[in-house]
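J.: Here is the input, now give the coordinates:
(chains A, B and C)
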Amino acid sequence: MHRTGELFGQFQTLEQQKETATLGMWVFLVTEILFFGGLFLTYSINRHAYATAFGIGGNMLDLNLGFGNTVVLIASSFTMAMSVWSAQTSHKKLVPIFLILTLVLGSVFLGIKVVEYKQKFDHHLIPGHSFDITYCSKNPSACNLSGKDLDDEKKEIKEGIEAEADEAKKQGAANPEDVGAAALNAHAQLYFSLYFGMTGLHALHMIIGAGLLLWLIFEARKGRFDANYNTPVDNIGLYWHFVDIVWIFLFPLLYLINRHLA
Amino acid sequence: MSTTQLHVPESEKMPREHYLNATYGIRSWLLTTDHKRIAILYLISVTFFFFVGGLFASLIRIHLLTPGGYLVTPETYNKLFTMHGVAMIFFFLIPSIPAVLGNFVIPIMIGAKDLAFPKINLLSWYIYLVGGAFVLYSFATGGLDTGWTFYTPLSSIYSNSAVTPAVIGIFINGFSSILTGLNFIVTVHTMRAPGMTWMRLPLFVWAHYATSIIFVLGTPVIAITLLLAGLERMFHLGFFNPAYGGDPILFQHLFWFYSHPAVYIMILPAMGVISEIIPTFARKPIFGYDFIAASSIGIAVIGFIVWAHHMFLTGQSTYSAVAFSFLTFLVAVPSAVKVFNWTSTLYKGSIAFDTPMLYGLGFIGLFTIGGLTGLFLACLGLDIHLHDTYFVVAHFHYIMVGGAIMGYLGGIHFWWPKITGRLYPEYLARIAAIVLFVGFNLTFFPQFVLGYLGMPRRYHDYPPEFQVLNVMSTAGASILALGYLLPMVYLTWSMRYGKVAGKNPWPATGLEWTTDSPPLTENFNETPVVDWETYDFEHRPELGLSGTVPRKPIPAHGDD
Amino acid sequence: MQSQMPLSPEQASNFAPQVDNLVYFLLVVCLFFATVICAAVIYFIVKYRRKTPDEIGVPIHGDLRLEIAWIALPFPLLLAMFGWGAAVYVDYRHTPADTLDIYVIGKQWMWKLQQPDGRKEINELHVPVGRNVRLIMGSEDVIHDFSVPSFRVKMDVVPGHYNTMWFRPTKVGKYHFFCSQYCGTDHAVMGGWVTVMEPDEYAKWLAGSSGSGDPVAVGQKLLSDLACNTCHLPDGKGRGPSYNGVYGSQVKLADGSTVLADDNYIRESILQPNAKIVAGYAPVMPSFQGLVTEEQIVDLTAYIKSLKDQPPPTKPGTAAPATGNK
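T.: Model prediction:
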């Protein structure tokens, strides 16, 4: 096992080693773009096909929590960049401090995600047998829904069912009303499948990032990173920024399109 | 005919120390980071899957001897062709040349001690094994009967076979490809020895660079597609199921976005092998180096925008079909450029008919036929009639077997002396190559006719009028099988009893041929400095050939 | 007339000659290039074979003019192949206005076809010669494909939306059709026959019934035409029970009860097969409501009744696997 910062066997110079590691990370991130890209494409196509149901689904997401998460993640990218700067300017003691801040912010993000997911579970919005887009409008107290919000949601669901029923009638369905309600539920379930798929995959990448940060903090506390050698900080920073950028696309796609503000 | 005299050393001694005997024990192999040992590990695993796929193919051809199809039940037959496809495509063809020959040869070819990320290289192999284990589990517990294309909703809802573990296995295996591609790209950028400029890279390296672009960009898409299909199957979600508002055609788009470039993953490395073999056995530089290098990149790029030619009859818009047909004709151009350039390389060469050259010449012929029949399928009016018939089966087997596998075997024979330090029995090897060529044509040419007559593919039973051609095809298959078995036998024999090869028996001009056979673990005692152009025989007096001149030291033009 | 060793199917539609002519063009072009390459390779390897063991070849690195030539010169041929093929395809995808419309439903593993007047067929398609025919196709389950090699046409049949295809039969006769998109177990036997008739014969066929005749013989033929006997094997080992010895016997049902197999039972089994399931079999029989006339039910019953003295299978058959999820 070799220590970080030393020349590995297959390299000629430290310069070559650093260049290799960095290029490797960039190529890896390109594969990640394609990986998420397939999901984003599926989402976009389905969004276009089922705009009504997807609009209703999107409005059931908690905008405050989503916005909060966005702010937290952007802040964590800032602290990460500060950590890289600290290493590049040999402020050795600052490096682990900024990394710890990044980790904390990342954990806050994940914590908020847990809260959001639990909320979805309580509101019967997890895809599967018990998925029911009308649960909250039918059990307002269980969802803390009241007053104008409740009326708005009921209206939106009713209009959604009608829109789906119209679509079904055009396709020649026998009893459009029943078909409409079932179709709205099915298409909303599609929305939430994609919601959990996309945010779940993103969260998985965050967890892996958190693991990488932990290792980096451990190494940084030994004072290993300075202007001469900071490749791991650089590259893990790249990875962290990438995960942040994915969220910056996710947030508007899932939370903001067709959003009615309260 | 030609007098082939190999440049073998006087003494029958292997080099004292080399990568095979540097360390001993199973741990030294299973935990190796030496690219050469990893290549051997891959060689063993891909050969295993080749046998698995080959066994299924044999059963298919025997079953198709009679219209009634009495050998196996319909369910079993459907599993046979599915598992044949999955095993061959994902676990043999895609890894074969890159992970065996590419891994072994590329670092030495560019003057490096190893790949950029040796540990990731080993990880790739283990990921491949895990993926393979899942797929073998699927084969063993109920089999797989969806076709290797996994079209929904058949695969996500209606099939009763072990789809989920298979899909997981292929998903995992994708990461093996992605990491190999990443490794190759970074290696070629940063690990070249002094003097090894981009335009001095062997075309084998260019071919793998292009292939790696596809690995890296395409494989994640199939990963996510299979993930979605698997989730749909496990949790009754509705991405591709029309009953829940999904679209089965969306699956096809996502699937083919990877799987079309995947066929270029399978053929580009083989083209790279041919680009090494032809100059070596014609003893002159390849004709049109720039164009062959550029065409590899061209094929990789254009290959990404033709996928929907697999979907001309799904009911998609006529405009999109016309566009994809045009682009598909376009991708034929760089392939044709290569064939013309290889042929021109033979002009005024000094041609020997060693086994690798036989495979190389066979490749040119069979790939030409396979590629030209691709034009038939790209042609919209013809595709209406030929889609999903045996014409398609014949076309892709000409490319994948007549092309890719011949390239693989040619490469194995070409670099065998370097890998093992020994020569295989030349006479027997030439016979095997010819047997393979004959058997292959007899197996697959009748299938073009079957296809035009209308016999659909994936049929366990067929009307009696198709029997004669099916029997011909099966007869050919038995000869083809012999052509595959012979090398297994004599190559294995040669590892112990073959004549000692020496550094450069052919001789060839690449950097890899300046090292011992087998090479040291670290490949070179000291980093080489390259001051000759690729495939340059004229200025390499050290090769011991006639008509050579000493070279003026060429400035390394830009060590980029 | 087909030769002993045909290289192409009969030409029986308007598209057939178009497709065949296109393939001849491509064959000529591709054979030309393949021959040129093979001839060049063989010529070079013979003429330039190695004469002394250590000789090298003449170092020629390339020729830009040659590269440009062999890209530019074949290019118009590529365009021609593309263009001609696209023209045929565009024609194929643009259905003319005056078509005879036939609805086609594919399902695992049979085809249901409906003529314009509502008359239904299974695995058979009758069409008049010389008339533009449009098939409007859907699937009940997975993706299938309706393909008629002698017409040189095919089109996928996709669940969730309708696909259409058209052709004009040009020759009277019977032509195979196949399912051409892998769809599961019996994909290979999910085919049938297209019968092209003279227009007046077609009209007569459309109007008439199967004609009078011995009900038992008519019923036996119907059983074959409607593919009943692919499931109802005489030994009881198929997906459905054997007919031997059934009529007039007490049939044991899956729920433990028994029922007398009289005319009403037979009729119900044809029209509402899931009403009573025979013990040891799965509820996989499709309904034939709308696919058989009352007269045909009488004929079928007559045939089944004629088998009442046949020895029934000794063991109950095995239940067919249901199509469900893993």
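
J.: Chain A contacts on the stretch 201-350 of chain B?
T.: For the stretch 201-350 of chain B, the residues in contact with chain A (Cβ under 8 Å from any Cβ of the partner chain) are B:216-221, B:223-225, B:228, B:231, B:235-239, B:244-247, B:250, B:254, B:257. In short, each C-beta sits where N, CA and C put it, glycine included.

J.: Grab the nearest non-local neighbour of whichever residue of the stretch 451-560 of chain B sits closest to chain C.
T.: Taking Cβ to the nearest Cβ, chain C has its nearest neighbour within the stretch 451-560 of chain B at B:Gly454, 2.5 Å off. Distance criterion Cβ to Cβ, 6 or more residues apart in numbering or on different chains; nearest residue to B:Gly454, sequence neighbours excluded, is C:Pro149 at 2.5 Å.

J.: ok so, going back, the residue of the stretch 451-560 of chain B closest to chain C touches C:Pro9, doesn't it?
T.: Yes - in this structure, B:Gly454 is within contact of C:Pro9 by Cβ atoms under 8 Å, at 5.3 Å.

J.: hey, what's in contact with both of these two?
T.: Common contacts of B:Gly454 and C:Pro9 (Cβ atoms under 8 Å, 6 or more residues apart in numbering or on different chains): C:149-150.

J.: Phi first, then psi, for the residue of the stretch 451-560 of chain B closest to chain C.
T.: phi 110, psi 0 (degrees, to the nearest 10).

J.: Counting neighbours, what do you get for it?
T.: 28 (other Cβ atoms under 10 Å in any protein chain shown).

J.: distance of it from A:Tyr195?
T.: As defined by Cβ to Cβ, to the nearest Å, B:Gly454 lies at a distance of 47 Å from A:Tyr195.

J.: Could you do B:Leu450 as well?
T.: Distance from B:Leu450 to A:Tyr195, by Cβ to Cβ: 48 Å.

J.: Pull the contacting residues for residue 109.
T.: Went with chain A since none was named. A:69, A:72-73, A:76, A:206.

J.: not quite, I wanted chain C
T.: C:179, C:183-187, C:189-190.

J.: any chance of these in TSV, with distance to chain A too?
T.: As requested, those are exported to TSV (distance: Cβ to the nearest Cβ, whole Å):
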residue	distance to chain A
C:Cys179	25
C:Cys183	23
C:Gly184	24
C:Thr185	28
C:Asp186	29
C:His187	28
C:Val189	31
C:Met190	26
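
J.: where do the helices sit along chain C?
T.: Under the criterion DSSP state H, chain C contains helices at C:15-47, C:64-72, C:75-93, C:199-207, C:215-225, C:263-271, C:294-306.

J.: what's the spacing between the last one and its chain's center?
T.: Spelled out, it's helix C:294-306. Offset of helix C:294-306 from its chain centre (Cα atoms, centre = their mean, to the nearest Å): 28 Å.

J.: which other residues reach that helix?
T.: For helix C:294-306, the surrounding residues in contact (Cβ under 8 Å, 6+ apart) are C:209-210, C:215-216, C:218-220, C:222-223, C:228, C:243, C:246-248, C:263, C:266-267, C:270-271, C:292.

J.: and what of the fourth one?
T.: Counting by Cβ under 8 Å, 6+ apart, helix C:199-207 makes contact with C:115, C:117, C:119, C:126-131, C:197, all of which sit outside it.

J.: What are the buried residues along it?
T.: Using 16 or more other Cβ atoms under 10 Å in any protein chain shown as the test for burial, helix C:199-207 gives C:Tyr202.
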